[in-house]
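> Pasting the sequence and the predicted model now:
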Amino acid sequence: MNTPNMLTLLRVIMVPIFMWALLSGFYWAAIIIFALASLTDQLDGYLARKNNQVTTFGKLMDPLADKILTISALVCLLGIGADFINSWVIMIIIARELIVTGVRQLAMGENTVIAASSWGKAKTVSQMAAIIAVMLDLALGNMLRYGDAWWGALTFWLVALAVALTVYSGLDYIVKNRRLITFK
């Protein structure tokens, strides 16, 4: 197994540790673990391309690892009542991920692997930034938001951007791969 694929698996392994920290109220630890896991997402792709180590496993597991990390974080944040995260945000994100996963499964049936698109990558970065902002709000006990209105506005708009990119990137996958979607 090459280094990029090991980094992808490391990201998945970090998820339960992150969840434990977040649900136990260790917000700073959760932020650090989540940020490190997010960095592995950037690093594994960079190393795979730089060292010519792009694999089918990586093309499939990298986006799946992102989904596991992001959805786990959002569900935990909803569960602890974090501001800025509502059930509709999570439903939009989960629906998009299930639809894209379905399209990827159809592609696999056609012996095609759909790599992550630039819109999908932007979606992932925006989701991770929004999650970190929401966790910072928790870690600082809402000090930033109540002390400075800009923090609440920034966090709100980061979440809104993540939702918008989630919807757009999902539609982009459907349009670009519509030939795979048949009702036979």
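Structure's in. What do you need?
> so which strand or helix has the residue lying closest to residue 97 once chain neighbours are set aside?
Counting by CB to CB, 6 or more residues apart in numbering, the nearest residue to residue 97 once its immediate chain neighbours are dropped is residue 67, at 4.9 Å. The way it works is simple: take the backbone N, C-alpha and C, and place the C-beta from them, glycine included. Here residue 67 sits within helix 56-79, counting by DSSP states H and E.
> what comes up buried for that helix?
Going by neighbour count (16 or more other CB atoms under 10 Å), the buried part of helix 56-79 is 58-63, 65-74, 76-77.
> And for the nearest residue to residue 65 once chain neighbours are set aside, the neighbour number?
Leaving aside its chain neighbours, residue 65 sits nearest to residue 11 (4.5 Å; criterion: CB to CB, 6+ apart). When neighbours are defined as other CB atoms under 10 Å, residue 11 has 25 of them.
> just use 104 as the starting number from now, easier for me
Sure, I'll start numbering at 104, so the last one becomes residue 114.
> For the helix or strand where residue 114 lies, enumerate the helices and strands it packs against.
Taking DSSP H and E as the definition, residue 114 sits inside helix 106-126. With contacts defined as 3 or more CB pairs under 8 Å, 6 or more residues apart in numbering; DSSP states H and E, the packing partners of helix 106-126 are helix 130-153, helix 159-182.
> what's the least confident stretch among those?
Of all the helices and strands packed on helix 106-126, the minimum mean pLDDT falls on helix 159-182 (a mean of 90).
> distance between that one and the chain's centre?
5 Å (CA atoms, centre = their mean, to the nearest Å).
> What angle do helix 130-153 and that helix make with each other?
Orientation check (axes from the mean of the first three to the mean of the last three CA atoms, to 10 degrees): helix 159-182 against helix 130-153 gives 160 degrees.
> ok, residues contacting the very next helix or strand once past helix 159-182?
Using DSSP H and E, the helix or strand that follows helix 159-182 in sequence is helix 190-212. With contact meaning CB atoms under 8 Å, 6 or more residues apart in numbering, helix 190-212 is reached by 163, 166-167, 170, 173-174, 177-178, 181, 216-217, 223, 230, 262, 265-266, 269-270, 272-273, 276-277, 280, 283-284.
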